[in-house]
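Visitor: Just a sequence and a predicted model for now, questions to come.
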Protein chains: 8
Amino acid sequence: MEFTVYLAGEIHSSWREDLKEEAKKLDLPLSFVGPMENHERSDHIGEEILGEQPDKILRDDAASAVNNLRTELLMKKSDLVIALFGEKYKQWNTAMDAGTALALNKPLILIRPEELHHPLKELSNKANVTCTSIEQATKILSYIFETE
Amino acid sequence: MEFTVYLAGEIHSSWREDLKEEAKKLDLPLSFVGPMENHERSDHIGEEILGEQPDKILRDDAASAVNNLRTELLMKKSDLVIALFGEKYKQWNTAMDAGTALALNKPLILIRPEELHHPLKELSNKANVTCTSIEQATKILSYIFETE
Amino acid sequence: MEFTVYLAGEIHSSWREDLKEEAKKLDLPLSFVGPMENHERSDHIGEEILGEQPDKILRDDAASAVNNLRTELLMKKSDLVIALFGEKYKQWNTAMDAGTALALNKPLILIRPEELHHPLKELSNKANVTCTSIEQATKILSYIFETE
Amino acid sequence: MEFTVYLAGEIHSSWREDLKEEAKKLDLPLSFVGPMENHERSDHIGEEILGEQPDKILRDDAASAVNNLRTELLMKKSDLVIALFGEKYKQWNTAMDAGTALALNKPLILIRPEELHHPLKELSNKANVTCTSIEQATKILSYIFETE
Amino acid sequence: MEFTVYLAGEIHSSWREDLKEEAKKLDLPLSFVGPMENHERSDHIGEEILGEQPDKILRDDAASAVNNLRTELLMKKSDLVIALFGEKYKQWNTAMDAGTALALNKPLILIRPEELHHPLKELSNKANVTCTSIEQATKILSYIFETE
Amino acid sequence: MEFTVYLAGEIHSSWREDLKEEAKKLDLPLSFVGPMENHERSDHIGEEILGEQPDKILRDDAASAVNNLRTELLMKKSDLVIALFGEKYKQWNTAMDAGTALALNKPLILIRPEELHHPLKELSNKANVTCTSIEQATKILSYIFETE
Amino acid sequence: MEFTVYLAGEIHSSWREDLKEEAKKLDLPLSFVGPMENHERSDHIGEEILGEQPDKILRDDAASAVNNLRTELLMKKSDLVIALFGEKYKQWNTAMDAGTALALNKPLILIRPEELHHPLKELSNKANVTCTSIEQATKILSYIFETE
Amino acid sequence: MEFTVYLAGEIHSSWREDLKEEAKKLDLPLSFVGPMENHERSDHIGEEILGEQPDKILRDDAASAVNNLRTELLMKKSDLVIALFGEKYKQWNTAMDAGTALALNKPLILIRPEELHHPLKELSNKANVTCTSIEQATKILSYIFETE
């Protein structure tokens, strides 16, 4: 049995690569999907595909349309969602994705630095497990396949 | 026909009262529900009911458990969700609630100041309507009941 | 027991009034909902609420956002959908509403002039009943409440 | 990960072949399904299988029964729906399919010439992305698999 | 709390009246719905509403379309389904209704003479309770409201 | 793309073998599942596994429990259901299976001799396609995979 | 807005009456439903309605059929489930009801003496809130209706 | 066709190994999943991954969070659930899992010693089949793949 894991959250660090590498070391039968990790491209994908837009809001809206289609498709195909919050940025998109995952009954692992606990307390309470590092999240993934 | 509207979002301003008043002036057949608006109490409800907790994180978790139960129950009974983002605070809870509303197929109106457009672009693209003021949101609510 | 009926379809004739009147004569315990019937207002509701839009496409999009929210909310509260196709206009919105109703497992009555049978054959085959007049549709509504 | 894409819409042009070819050039892991593209056969499939029917309406109904079974089965197996509207014909079937896709929570890409924007405005507002060409649609499909 | 009960099954005896009377005597807060009980009218409702049909099969199909719409609407509004099988007729419609009720997760009470046990064994095994008389079914309904 | 087809209906003739053979000749990518076709064994499977039962009704109930588990599991894994009614026996189980298939939104093909039309009229009206022979059903299956 | 609360759990103490009284004192707009509280009658309801059964297991099965129908119907009509575990008995039925409530997405409050924490740890982790007394549960119910 | 079976229940005996071995002997196309079978590790997995916890209740809660994530993920991927009750321990977790399986419409086989019938009577009545041994359960699994 092989599972697909959607990696929601910030695209300004290499956390996805770190997690994939950890999983690979342990030879876990997992495949990972997630958003476009090139931030520039993610922000301009609307104009890249649909052509120049009249203003900033419409450029954002065109990009979001394409990115949301991607997220919707990939999250539905996933068995598990991991959402990581970093210390910078508003990351409302990540919180929305986490809420969606929970409402779709996808098991959810939340990774966040402990200092972010207070603003994330409701999400943390609804997540299956809340942890603070990539390493802990990988151990949880590994545990799913162990029987002893 | 009467609808129930869940008002998600910040509890540091009087926006809920403003919106309810507008709706009342127009005599709209709506009832409104939402989170505990007393911020202090919302943060301490876990200890108020379940007794003193060992540390800050557990106090937050106890409070969130009670507040999440409330939100889950009330949102499920609602026909429509309005989520308002203000200019301060992280408001991840609001973004999670909006994601939940969308995944539960509840129509969603997003209210946010235009300067917050960029970090909210994905949510804005998924919301049924995005607007910038209580007044606009009320007009949308009113329009549902008009036929001419 | 009282039912709510969503009346999808063209807003250029008075068919909704005719049907409501027929239902009233028979004293059927039904309430009717549907789209904004003032065509001008329906087309301009986006700008009326959200302010002037940069171009024609965006004006249409703003109006559709508000009208779609209305339809989504009202159709979900309905027990039955009646979709009427007239002889003019493209009426793709009506066909989309009918497809939505079927996918939401709402019983669907299709009213259309017989000459439109060919282009509507797939929809007709999926509708619960296809008929050609308001009078026939009203008889079907009435039959639901009769026992002899 | 491989996705299945349902191609809804007109069967009078070669747009499906064009799109498949584009996807093939890019080596996208996609498989495509859709309606019977031979228009004559699609219209006569009822009589071809079930025998001669008493009149035109019943011939249409028999054909639609078989075609609707096909669409229902294939759309349910699909991860994504693309609906294309051309400049001719009523295409109510396409609009119904698009409405069904949305109600089944299948991500939807709408392709239509810009001059059809007004009659398709509600559908456009509900689609994940609206574009005007096969090429744009293919770029969206491609983007789903790119990470940089 | 008041419940709605759909009474599926044969329309050749007065069992519905008997059951309603029993429930009335006990003052149970129940309302009952079900099919058209006038057998003649049920068989001719297609032609009564939609006009004369070319042959017997099409007359049956027209009648079934109207009757199925009625059943679908009423069963969805019901909290509980009671299906009664008598000793005569094929009653495939009753078995289909019972299967539908179970798939819709409506609690199901099956009433049948004991001699019909063998052909109804699968349905009996899936029903919540199988009994042999109106009186037993009424006692079950009554028990729902008792606390001692 | 490969589909699974559940073959509901009588187990007193070889219709399943006939249909599988036809499908094989056409090289259709289909796999078929269905009930235990050995009638004796189907009736005694309860006692075969669970041991002797006190009476006939309980023997039937034990057998039905095992057979219903099988049907439930296999039907859920199927993409399409074919239900065949023969001229003998009550076949209420088949009608219940067909009702379940429809409520689970599985496309349904009904095969029945034309003389059984009247008692099956409601089921026929709800099935995607009603036909009279294995050959017709196979042609429908084949059509799903053809594009020209 | 008024809610219905299903009270799952032991029927050997008066906890339901205590909780209802507390809710009444606070004038909460709640109605409460639950299982038959007369233990003797609950165990014999199968024979009371369906007649004498051949042995103890079948008597239990007949009683469970009737009690399960009741629970299924009432739980579906409820907005919230409270499950109480006492210090005696196996109470597997309560645990099953709690699991059902969670899978049906009903918010769940778990009441249990702290010494039972270990065997109930998984259920406690999935419940919205776990508490130890009727009084705490009532405070949670009350909080839902408070806004300050 | 291959099925996945979730084995819920006690982790103090080797019943899972026995059942897998039986299935292997019969060459059944089944894969089995289930909880961590090392009891010590299951109880300490929270601290193993998330670090030392302040007290016993929180240690249990951390372990349950990880174990519940595992169960939720694996049960959703399963086609069938087998729940075994042994003679010792409270096993409320097993009863909750069984209730979840039923609410998720997963077919359920219950294995329990006959002396546990009374406390398990409601669960037994809702399970597809109740039996007393691994051998009987294996025969049921085998029967699903037999056609004669």
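Guide: Yep, it's here.
Visitor: so where's chain A shaky on pLDDT?
Guide: Across chain A, nothing is flagged by pLDDT under 70.
Visitor: In terms of secondary structure, what does the lengthiest helix in chain A contact?
Guide: Looking across chain A with DSSP state H, the single longest helix is helix A:56-76. If contacts are counted by 3 or more C-beta pairs under 8 Å, 6 or more residues apart in numbering or on different chains; DSSP states H and E, helix A:56-76 sits against strand A:3-9, helix A:39-50, helix A:92-103, helix B:121-126, strand D:129-131, helix D:134-145. Backbone N, C-alpha and C define where each C-beta goes, glycine included.
Visitor: and G:Glu17, which of those is closest to it?
Guide: For G:Glu17, the closest of the helices and strands packed on helix A:56-76 is helix A:92-103, at 35.8 Å, according to C-beta to C-beta.
Visitor: tell me which residues of the longest helix of chain A are tucked away?
Guide: Applying a neighbour-count criterion of 16 or more other C-beta atoms under 10 Å in any protein chain shown, one finds A:57-76 buried in helix A:56-76.
Visitor: Nearest to chain C, out of the helices and strands packed on helix A:56-76?
Guide: strand D:129-131 (9.1 Å; C-beta to the nearest C-beta).
Visitor: how far does that closest one sit from the chain's center?
Guide: Its chain's C-alpha centre and that of strand D:129-131 lie 14 Å apart, by C-alpha atoms, centre = their mean, to the nearest Å.
Visitor: Now look at that strand and say if it contacts chain A.
Guide: Yes - using C-beta under 8 Å from any C-beta of the partner chain, strand D:129-131 reaches chain A at D:Val129, D:Cys131.
Visitor: who does that strand pair up with?
Guide: Using DSSP bridges, strand D:129-131 pairs in its sheet with strand D:108-111 (parallel).
Visitor: chain center to the strand it pairs with, what's the gap?
Guide: For strand D:108-111, the distance to the chain centre is 9 Å (C-alpha atoms, centre = their mean).
Visitor: How about stretch A:102-111?
Guide: Relative to its chain's centre, stretch A:102-111 lies at 10 Å (C-alpha atoms, centre = their mean).
Visitor: next one: stretch A:9-18
Guide: Relative to its chain's centre, stretch A:9-18 lies at 9 Å (C-alpha atoms, centre = their mean).
Visitor: Contacts for it next, please.
Guide: For stretch A:9-18, contacts defined as C-beta atoms under 8 Å, 6 or more residues apart in numbering or on different chains pick out A:7, A:32, A:34-39, A:42, A:82-86, A:88-89, A:91, A:94, A:97, A:111, A:134.
Visitor: right, and the secondary structure at the residue of chain A found nearest chain E would be what?
Guide: Going by C-beta to the nearest C-beta, chain E is nearest to A:Asn105 of chain A, at 16.9 Å. Applying DSSP: H, G, I helix; E, B strand; the rest coil to A:Asn105 yields a three-state assignment of coil.
Visitor: mind listing what the residue lying closest to it once chain neighbours are set aside touches?
Guide: Spatial nearest neighbour of A:Asn105, chain neighbours left out: H:Lys76 (7.5 Å); criterion: C-beta to C-beta, 6 or more residues apart in numbering or on different chains. Neighbouring residues of H:Lys76 by C-beta under 8 Å, 6+ apart: A:Asp79, A:Asn105, H:Leu104.
Visitor: contacting residues for the residue of chain A positioned farthest from its centre?
Guide: Going by C-alpha atoms, centre = their mean, the residue of chain A most distant from its centre is A:Pro54, 30.3 Å out. A:Pro54 sits next to C:Pro54, C:Asp55, C:Leu58 when contact means C-beta under 8 Å, 6+ apart.
Visitor: Quick one: these as TSV, columns for distance to F:Thr130 too.
Guide: Listed next are the contacts of A:Pro54 as TSV, based on distance: C-beta to C-beta, whole Å:
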residue	distance to F:Thr130
C:Pro54	54
C:Asp55	51
C:Leu58	48
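Visitor: rewinding a little: most neighbours out of the contacts of H:Lys76, which is it?
Guide: A:Asp79 (19 neighbours; other C-beta atoms under 10 Å in any protein chain shown).
Visitor: any idea how far that one is from H:Lys77?
Guide: Relative to H:Lys77, A:Asp79 is positioned 7 Å away (C-beta to C-beta, to the nearest Å).
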